[in-house]
Structures are given as C-alpha cells and as structure tokens.
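> Got a predicted structure plus its sequence, pasted below:
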Amino acid sequence: MRIEAVRLENIRSHTSTQVDFREGFNCLIGGLGAGKTSILMAIDFALFGEPLVGRSYAYLLREGADRGRVTLWITHGGSRYVITRGLRRVGNRIVQDTGVLKLFKDGKVIAEKKASSVAEQLAQELGLDCELFREIMWVRQEKLKEVLDMSSRERQKKLDQLLGLEDFERAWLALRDYERDYKKEAEFYAKDPDVLARERLEAEHEALVEELAKLAAKEGELKEELAKAREELEEARSRLSELEKARMKVEELRARRVELEAAIREAERAVQRLSSEIEQRRSVLERLEGELKALVAEEMDCRQALVLSGLEAGASIEEVEKRLEELEERLRELRDEQVRAESDIKSARASLEVILTQSTCPTCRRFISEAERQELSAKLRKEIVKRRHDLEAAREEAEKLEELRSKLSEAAERLRMIRTRKEGLEARLEDERALLARAEKELDEARMRAEMLKAELESLEGEPAGPTEEELRAARTEVEEAQRRVLELERELAELQANRKVVRGRLEECERRLKLAEEKLARMEKARKAVELVKLLRSAYRAVQPHLRTEVVRQAKLLVQRVLDEISGPEEAGMMVEIGQDYTPVVKVAGRERSIAHLSGGERTLLALAYRIGMGHLITRYRTGQPLDLLLLDEPTESLGREDLSIDRLADAIARLKMEQVIAVSHNEAFAERANHVIRVEKADNVSRVLVERP
C-alpha cells in the first residue's frame, strides 16, 4: 500500500493544505508546532475516522471552524482509492460529517455515508484495521524504542495480543467457565424430579393409552348408532315434508282458483270498458276527419285568389306575404308618381301663364319673341297633356293594385287561420288514432288474458285432494320420536367424548412430562459429553500456544536479522540477534553476547527499528497475509544527537529500508538530508503551509 497524497481542510493549523508523497523515503521537515504531526493524524482520521485513544475530535478540527475535511489518495494492488471524511461542529460537540463520507475505487463509489460500511470495505480491500495501523505502521513520537524498554512480561503480552496468540490463553480461561457450567448442568438434571419419575410415567402412559383405546371403541359404536338414528329422523322428516308440501299445494290451488275467478271477472270488465271506449274514439275520428275535409275545401277556394294575383295555387303563406310586400312597394311608387305628375302639371301651367301674359321666359325671365312664345306654349301644352295621361294611368294601376292587394291580404289571413286549425286537427287526429290503436291492442290483450285464465281454471278442476289431518299428525309424531332418540344418543356421545378428552389431556400431560424427561436426559448426557470435550479443548489450547510461540520466535529472529542486515552500515556489521520465548531480543557482536542496556544510542536505535519492522512484517503477514510495505515515523530522532552521528545512522538506515514507502516527521535538518522526497512544513499566523524542497 502506498499513500499518494492527503488534503487537509480546517484540520488543526491547516486551512487548505495538500501534501503529495512518493515511493521510498519521504520526510516532513519543519520546526516545532509547524503542523507536521497533524498530517499523520489526518491520514489516521481519513483511514479509520476514530479519534485517538483518550481524545475527542476537538484535537483535529481547527479552532473557530465549523467544518473540516480530509481527503486521502492511496494505491494498492493496482487500484487507486480515494477516501473523504469530514467533521462538523454541533453545539458544543464535534462529530463526523457523514454527508461527505465516501470511499472510491478507480473512480467509482464503493461505500458512503455509513462509517461501518466504509470500515468494512476498507478492511476487505486493503486488509487494514485501526489496531494494526496504530500499533505497527504508525510509530508515534518517542515510541520507536518502546518495545525494547518494556519488561519481558509486558512485551510478551503485547506481542501475543498483536499476533493473536493471546486468544489461546483467553480461550483456555473462558473454557474453564464452560466446563464448570456444563458440570453443574449435568448434576442438576441428574436430580430432576421428571428424570427420577421416568419409569412411573411410562407405566401411567401405558394405562392411559389402553383406557383411551376402550373409549375410542365405545365412541365408534355410539357414532354408528347415532348415524342410523339420524337417518331414520331424516326419513321421517322427509315423509312429513312431502305431506306438508302436498297439503300446501292443495291450499295453493284453492287460492289460485279464487285468484283466477277474480282475474277473469276483471278481464271481462276490461273488455267491455275497452269496447265502449273504442266505439267512442271511432266516432270522434269520423267527426274530426269531416272537419278536416271542410278546411281543405275552404283552403282550395282561398288559393283561387292566389292564382288571380299571379301566384301558383300551392304557394306558401310566406310567398303570399312576399307578394303583398311587392304590391305595397309598387303602390308607394305609384303614389310618388302621381305626386310628381301633379307637381309637374302645376309647374307647366304656371310657366304657360307667364309666357302668355308676360311674353317672358319662365326660366331666365328674358323677353321672348312671338314665335318663341308660341313654340314654348305649344311645348308646355303637350307636356301638360302627357303628364295628365301619366297621372290617369298611375291612378288606374293603383286602383287595380289596391283591389288586388285587398283580396290577396284577405286570402292570406284566411289561409293562416286555416293552416292553424288544420294543424290542430291533424295533431288531434294523430293523438286519437294512437289512443284508438292502444285501446284496440289493450282489448286484444284483455280478451287473450281472459281466455288464458279460463283455460288455466279449467286445468285446475282435475287436481287430486291433499293428505288428511290424521296422516299429518302421525307423521309429526314419528318425527318427534326420532328426534328424541337422536338427542339421547348425542348426549351420551358428548359425555363419552368429554371423558375421552379428559383422558387424552392426562395422556398428553404424561407424554409432555415423558418428553421433558427425555429432553432433560439428553441434555444431561450432552452436558457430560460437553464437559469431556471442553477438557480436551482446554488441553489442546494449553498445548498449542507454546508450539505456536516457538514458531513465531523462529520466524521473528529471521525477519529481524534480515531487516537489521539491510539497514546496518559498516559500523554495525556483524551484529547478530537472538529472540527468546518472551520476544526479548539478545544481541551478539563478534560472537559475544551484549545486553541491550550496554548498546550505544545508535545501536539501540538501529536494533529498535529492525525489531519493530521485523515484528511488523510478521504481525502484518499473520493478520492480513501481506508484507509490511508502509511505515510512518513521528520524530524518530528524539534523544539522538548529531555529535555521535546517531541521527545520520538512523537516516541512512531508513533510506536503506526495502519498503515501498516510509513517511517520517522530523525537525532535524540532518535527518531530512537522507530522504528521497523532502516536504517542508511552515506555520505563520497560526496557518500551516507546505513547500516541496526535493521532489
């Protein structure tokens, strides 16, 4: 696993910081309080979202900020993962902001919003958990030599816990309680009353089964007898029902005869009434048809006047009214012509008088000659004659048209009256014909109904007589006796079934206690077997732990020695490491054993680094099946000095580590000189920023 980059937003002293890492040895360099360790804390928060032990989220969120976020980019197994986690302030508390919680794989979201699902997916994809990261991969400040400085007992307990060997001890102790509990359970069931009374319960069960069988046989006999009695009861009821039906049928026939006779009388009265009504309606129809013929003749006379006015005989009222309007218009025109003619005559006479008396032109009033006077006089006399002729013609035409208009108007008025009366007569004729047809239909139906009723009445005359009262009483008595017998048998059967139910209840209780006794016996036997099994398991757990620890110690010696050989320079060449059963390292130099307390500061640092990495490889392989390929070191140079070159030797050792990625935090410039990738962290005005010095 390799960390590509991490981005901090409002995390401790970082407002907006992105740090890019490379393969190999990465060093975050800067002064005390610059914000270097905050970057490692942000990586831890992004991976697991859990605060460090004994802390709340207040150590992460920047003071005064309401929200913070960390984004982490990781490559593992050929895939690229991105994790985003956030914090937000809620009142006086700081909690995770699940709204921004997401886990991406190769650009696709594979978990989000739920911390449990993200943790589960991370463990599945990276094989990583919080304990492994904080105890093995992340070596916090002044913790490099912690394992070496522990007592043998503490070291063994700590490493057994990380390796999982402590589980065998816990299992051995836990199984002791199981052994005790199973033993008590077996002893408890051995004294149980149901187990002790098992033989007595079996004898009681056998007696109850026999008694229940006798009751079942007796019940079968009673059921057969009851079934026979019920059949006899049904037969008696059937006979009684047939007699009652026959009696009821006779009564129904009598009632039907009465109904038919009454219906026949009603039908005959209806025939008489309808016959009279039909005669009356036929008489009304004849009278109405006569009135309609008279109206038609009167209408023909009126239409002769239409022909005289130039219209067709079949012209409609609308056409007549249109013709009247035309005559009125012509009369108005003729009156206007008469007025104009009289005016023209009057004007011509006045002009003629002016010419004859004054010898002047009536128009321009100039003097005219005798010849002109005679010419104009003759002309005016002709015009007066012509206008008189036109006036007489207009008067004659107006008189004729007035006479025609009067006749045509009278004819139109009569036609309108005739049409109204004719429409009323026709509508009434249609209604009367419909009423006559309905009355004739009702008459036919009434006659048919009367005939059918008479035929049905004749068919009832030959019906047989019903049963006598004595036959009905005998049938009812037979039914009552059969019912009494059925009730007696049902009561006897109910008592037998109740008794059988009681016996069955006792049998079920006995069977329940027997089953309970069997179950308790089985539990007792199971508890005894469990005691033996737990003893075997405890012996196995106690025996396997030393063998496993021996194998772990053997592998640990090889891994620690290999790492020590990798990181040792010429000065520490030939340093050999032995590891005891309590995981205590023993150093040999040139074949001579040396106590850890007598090693120099540089030797102790190299040994501590090799020991942590070697044991880390072993624990990581045991826990995840993968090698340790990522190491985070927080101020590993604490208590080391530049004068004895211990800082330089530690930096050289880390640089020689055959690991995919090492991220170290230090304030020591000499230590940073050996790194492949140097990132400087500075802080100003309580805001941290990063600067890549050596990519």
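On my side now, so go ahead. Residues are numbered from 1 along each chain as shown.
> When you work out contacts or count neighbours from here on, use the C-alpha atoms and nothing else.
OK.
> Low-confidence bits of the stretch 51-200 of the chain, can you list those?
By pLDDT under 70, the weakly predicted segments of the stretch 51-200 of the chain are 142, 163-175, 179.
> what ranges do the strands span in it?
For the stretch 51-200 of the chain, applying DSSP state E, counting those that start in this stretch gives strands covering 67-76, 79-90, 93-96, 102-105, 108-112, 138-139.
> Quick one: closest of those strands to residue 345.
Distance to residue 345, taken as CA to CA, is lowest for strand 108-112 among these, at 119.0 Å.
> what comes up buried for the closest one?
For strand 108-112, burial by neighbour count (16 or more other CA atoms under 10 Å) applies to 111-112.
> And stretch 390-408, by the same measure?
Within stretch 390-408, the residues that qualify as buried are 390-391, 394-395, 398, 401-402, 404-405, 407-408, counting by 16+ other CA under 10 Å.
> ok, now stretch 232-250?
Buried residues in stretch 232-250, counting neighbours by 16+ other CA under 10 Å, are found at 232-233, 236-237, 239-240, 243-244, 246-247, 250.
> Same list, the strands of the stretch 51-200 of the chain, but as TSV with distance to residue 692 please.
As requested, the strands of the stretch 51-200 of the chain are exported to TSV (distance: least, CA to CA, whole Å):
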stretch	distance to residue 692
strand 67-76	18
strand 79-90	22
strand 93-96	31
strand 102-105	27
strand 108-112	30
strand 138-139	22
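> Among those strands, which comes closest to residue 307?
strand 108-112 (104.7 Å).
> Next, the angle strand 79-90 makes with the closest one.
40 degrees (axes from the mean of the first three to the mean of the last three CA atoms, to 10 degrees).
> which helices and strands does strand 108-112 pack with?
Where contact means 3 or more CA pairs under 8 Å, 6 or more residues apart in numbering; DSSP states H and E, strand 108-112 is packed against strand 102-105, helix 115-126.
> now for the first one, which elements pack on it?
What it means is strand 102-105. Counting contacts by 3+ CA pairs under 8 Å, 6+ apart, strand 102-105 is packed against strand 79-90, strand 108-112.
> One more pass at 10 Å, please.
Contacts defined by 3 or more CA pairs under 10 Å, 6 or more residues apart in numbering; DSSP states H and E place strand 102-105 against strand 67-76, strand 79-90, strand 108-112, helix 115-126.
> buried set for the second one?
Looking back up the chat, that one is strand 79-90. Buried residues in strand 79-90 (16+ other CA under 10 Å): 80-89.
> For residue 6, grab the count of nearby residues.
By the criterion of other CA atoms under 10 Å, residue 6 has 23 neighbours.
> Just the CA atoms of whatever helix or strand it lives in, as CSV, please.
Secondary structure assignment for residue 6, by DSSP states H and E: strand 2-11. Listed next in CSV are the C-alpha coordinates belonging to strand 2-11 (Å, rounded to 0.1, in the frame of the first residue of the first chain):
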residue,chain,number,x,y,z
ARG,A,2,1.3,3.5,-0.9
ILE,A,3,-0.1,6.9,0.1
GLU,A,4,-0.2,9.2,-2.9
ALA,A,5,-1.5,12.4,-1.3
VAL,A,6,-3.5,13.8,1.5
ARG,A,7,-5.5,17.1,1.6
LEU,A,8,-6.4,18.9,4.9
GLU,A,9,-9.1,21.5,5.1
ASN,A,10,-9.6,23.2,8.5
ILE,A,11,-7.6,20.4,10.3
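> after it comes which helix or strand?
Downstream of strand 2-11 (by DSSP H and E), the next one is strand 14-20.
> In stretch 293-301, which residues are buried?
295, 299.
> ok, and what's touching that stretch?
Stretch 293-301 is touched from outside by 289-290, 292, 302, 313-314, 411, 414-419, 421-422, 425, with contacts defined as CA atoms under 10 Å, 6 or more residues apart in numbering.
> Could you rerun that using 8 Å?
Around stretch 293-301, the neighbours that count as contacts under CA atoms under 8 Å, 6 or more residues apart in numbering are 415, 418, 422.
> All the helices of the stretch 401-550 of the chain, residue numbers only.
If DSSP state H, counting those that start in this stretch is used as the criterion, the helices of the stretch 401-550 of the chain fall at 469-567.
> In it, where is pLDDT below threshold?
The stretch 401-550 of the chain contains residues with pLDDT under 70 at 462-466, 534-535, 537-548.
> can you name the farthest residue from the center of the protein?
In the chain, counting by CA atoms, centre = their mean, residue 370 sits farthest out from the average C-alpha position, at 123.9 Å.
> burial count for the residue nearest to that residue when sequence neighbours are not counted?
Excluding its sequence neighbours, the residue lying closest to residue 370 (CA to CA, 6 or more residues apart in numbering) is residue 359, at 7.8 Å. Neighbours of residue 359 under the rule other CA under 10 Å: 19.
> tell me the contacts of residue 359?
Contacts of residue 359 were listed using CA under 8 Å, 6+ apart, and they are 367-370, 373.
> correct me, but residue 616 touches residue 628?
Yes. Using CA atoms under 8 Å, residue 616 is in contact with residue 628, at 6.4 Å.
> May I see the buried residues of the host helix or strand of residue 604?
Using DSSP H and E, the element containing residue 604 is helix 601-624. Buried residues in helix 601-624, counting neighbours by 16+ other CA under 10 Å, are found at 601-620, 623-624.
> contacting residues for the closest residue to residue 482 other than its chain neighbours?
Nearest non-adjacent residue to residue 482, counting by CA to CA, 6+ apart: residue 233, 5.0 Å away. By CA under 8 Å, 6+ apart, the residues touching residue 233 are 479, 482-483, 486.
> Kindly reformat the helices and strands packed on strand 102-105 as CSV containing distance to residue 469.
Converted to CSV, these look like this (distance: least, CA to CA, whole Å):
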stretch, distance to residue 469
strand 67-76, 105
strand 79-90, 99
strand 108-112, 94
helix 115-126, 92
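> Residues in contact with stretch 329-340: which ones?
Here stretch 329-340 has contacts from 391, 394-395, 397-398, 401-402, using CA under 8 Å, 6+ apart.
> Please identify the helix or strand for residue 257.
Residue 257 belongs to helix 198-308 when elements are defined using DSSP H and E.
> Pull the distance from that helix to the chain's centre.
Distance, stretch centre to chain centre, for helix 198-308: 54 Å (CA atoms, centre = their mean, to the nearest Å).
> what's the angle between the next helix or strand along the chain from it and helix 198-308?
Counting by DSSP H and E, the next helix or strand C-terminal to helix 198-308 is helix 317-358. Put simply, helix 317-358 runs at 40 degrees to helix 198-308, going by the same axes, to 10 degrees.
> before we move on, the earlier item: can you tell me which of the contacts of stretch 293-301 has the most neighbours?
Neighbour max across the contacts of stretch 293-301 (other CA under 10 Å) = residue 415, 23 neighbours.
> and residue 664, which of the helices and strands packed on strand 102-105 is closest to it?
strand 67-76 (17.2 Å).
> Listing partners with orientation, what would you give for that closest one?
The strands beside strand 67-76 in its sheet (DSSP bridges) come out as strand 2-11 (antiparallel), strand 79-90 (antiparallel).
> Quick one: closest of these to residue 62.
strand 2-11 (5.1 Å).
> ok so, going back, can I have the helix holding residue 604 written out in CSV, keeping just the CAs?
C-alpha atoms of helix 601-624 as CSV (Å, rounded to 0.1, in the frame of the first residue of the first chain):
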residue,chain,number,x,y,z
GLY,A,601,22.4,5.1,21.4
GLY,A,602,22.8,4.5,17.6
GLU,A,603,22.9,0.7,18.1
ARG,A,604,19.8,0.8,20.2
THR,A,605,18.0,2.9,17.6
LEU,A,606,19.0,0.5,14.8
LEU,A,607,18.0,-2.5,16.8
ALA,A,608,14.7,-0.9,17.8
LEU,A,609,14.0,0.0,14.1
ALA,A,610,14.9,-3.5,12.9
TYR,A,611,12.9,-5.1,15.7
ARG,A,612,9.8,-3.1,15.0
ILE,A,613,9.9,-3.6,11.3
GLY,A,614,10.7,-7.3,11.5
MET,A,615,8.0,-8.0,14.1
GLY,A,616,5.7,-5.7,12.0
HIS,A,617,6.3,-7.8,8.9
LEU,A,618,5.5,-10.9,10.9
ILE,A,619,2.3,-9.5,12.5
THR,A,620,1.1,-8.0,9.3
ARG,A,621,1.6,-11.3,7.4
TYR,A,622,-0.2,-13.2,10.2
ARG,A,623,-3.1,-10.6,10.2
THR,A,624,-3.5,-9.8,6.5
